[in-house]
Structure formats: C-alpha cells, structure tokens
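Asks: sharing a model that was predicted from the sequence below.
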Amino acid sequence: MRTAETHTARSEFGHLMWLYERNYQLARNLLGSISEEATEAEIQSKNDDLALSITLLDRQRHTETWHLTYWFHDGDSEIADPDIELKLYHDTKQAECWRVGNHDHLELLRAFKTEATDALERKWQRNMMLHKWLQYLLQS
C-alpha cells in the first residue's frame with residue numbers, strides 16, 4: 001500500500017488532505033508546550049545551535065496562523081530560514097503551509113525547492129517540506 005509520505009512525485013488531492021491532517025497533529029504536538037496566552041516563543045532543542053522562533057500572527061475562532069523560523073545572522077542582518085507561515089484549521093483538524101520563503105540553510109529542506117507550475121504540486125511540496133521539518137523538530 002502506498003502512503004502519502006512515500007509518494008513524492010505528482011500528488012493526488014486525497015494525499016494532500018492526509019498530509020494536512022498529519023501536519024495538524026504534528027503542529028499541535030509542537031505548539032502544545034506554548035501557553036494559550038503567548039504570542040511568541042522560542043524552543044531550544046538539544047540538537048540545534050539556534051532556537052526555533054514561533055510567533056502567533058493571527059487567531060480567530062477556528063484558525064490560527066503561526067510563523068516558524070530559525071533566525072540566521074549574516075553580518076548586520078537576520079535571515080529567516082525556513083520562514084514558514086503555518087495555518088491551523090481547528091474545526092477540520094488540518095494544518096497547511098500557508099507561505100514559505102527561501103530555505104537554503106537546512107540540508108533537510110533543500111530537496112523541496114521547486115519550480116512546479118501545477119498548484120496542487122506546489123501545495124504538496126510545501127506541505128511535505130513542513131511535514132519533514134515538523135518531524136525533525138519533534139525528534140530534536
């Protein structure tokens with residue numbers, strides 16, 4: 001039986017919905033340690049030199065939008081990488097990688113850079129990248 005995780009070429013809509021559901025579970029595990037009132041947090045893992053920066057961008061009745069990144073210092077400037085906006089849909093228990101910036105610093109995520117022209121394929125790749133990163137963060 002083929003699972004969504006092993007299917008890395010062209011995605012199907014059902015696989016994308018599975019990925020949204022799985023990402024919701026992983027994101028809730030990651031964000032569960034943050035208090036309900038907090039709008040910003042940093043999580044330091046034992047395997048990374050940098051702390052994961054988490055910022056609440058928006059909270060509505062059934063949704064939350066979070067910014068997750070590492071901040072790399074490059075001279076006088078800071079670079080957010082992988083620079084992800086994650087939208088949680090609590091009513092459907094799904095999470096979607098809403099926006100992603102460049103991601104060049106983390107070897108784990110470089111394979112997900114794409115020039116895909118198909119909207120479903122772009123969503124699949126963004127959300128599979130989120131899936132891999134959330135798994136990594138929870139294992140750290």
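Replies: Cool, the structure landed.
Asks: when you work out contacts or count neighbours from here on, use the C-alpha atoms and nothing else.
Replies: Will do.
Asks: mind listing what's buried in the lengthiest helix in the chain?
Replies: Ordering each helix of the chain by length in residues (DSSP state H) puts helix 119-139 first. Residues of helix 119-139 classed as buried: 121-131, 133-134, 137 (neighbour count, 16 or more other C-alpha atoms under 10 Å).
Asks: go on, stretch 86-106?
Replies: L86, K87, L88, Y89, K93, Q94, A95, E96, C97, W98, V100, H103.
Asks: Three-state assignment for the first one, please.
Replies: Per DSSP: H, G, I helix; E, B strand; the rest coil, the secondary structure class of L86 is strand.
Asks: check contacts around the residue nearest to T63 when sequence neighbours are not counted.
Replies: Using C-alpha to C-alpha, 6 or more residues apart in numbering and skipping the chain neighbours, the partner closest in space to T63 is Y89 (4.7 Å). Shown in contact with Y89 (C-alpha atoms under 8 Å, 6 or more residues apart in numbering): H62, T63, E64, A95.
Asks: try it again with 6 Å
Replies: H62, T63, A95 (C-alpha atoms under 6 Å, 6 or more residues apart in numbering).
Asks: I84 now?
Replies: H67, L68, R99, V100.
Asks: please redo it, this time with the cut-off set to 10 Å
Replies: 54, 66-70, 97-103, 126, 129-130 (C-alpha atoms under 10 Å, 6 or more residues apart in numbering).
Asks: and it, how far from Y70?
Replies: 10 Å (C-alpha to C-alpha, to the nearest Å).
Asks: anything in contact with each of these two?
Replies: Joint contacts of I84 and Y70 (C-alpha under 10 Å, 6+ apart) are I54.
Asks: out of the contacts of Y89, which are inside strands?
Replies: T63, A95 (DSSP state E).
Asks: so what touches stretch 20-40?
Replies: Here stretch 20-40 has contacts from 14-19, 41-43, 53-59, 66-67, 86-90, 92-97, 124, 127-128, 130-135, 137-138, using C-alpha under 10 Å, 6+ apart.
Asks: and N47, what pLDDT?
Replies: Per-residue confidence (pLDDT) for N47: 64.
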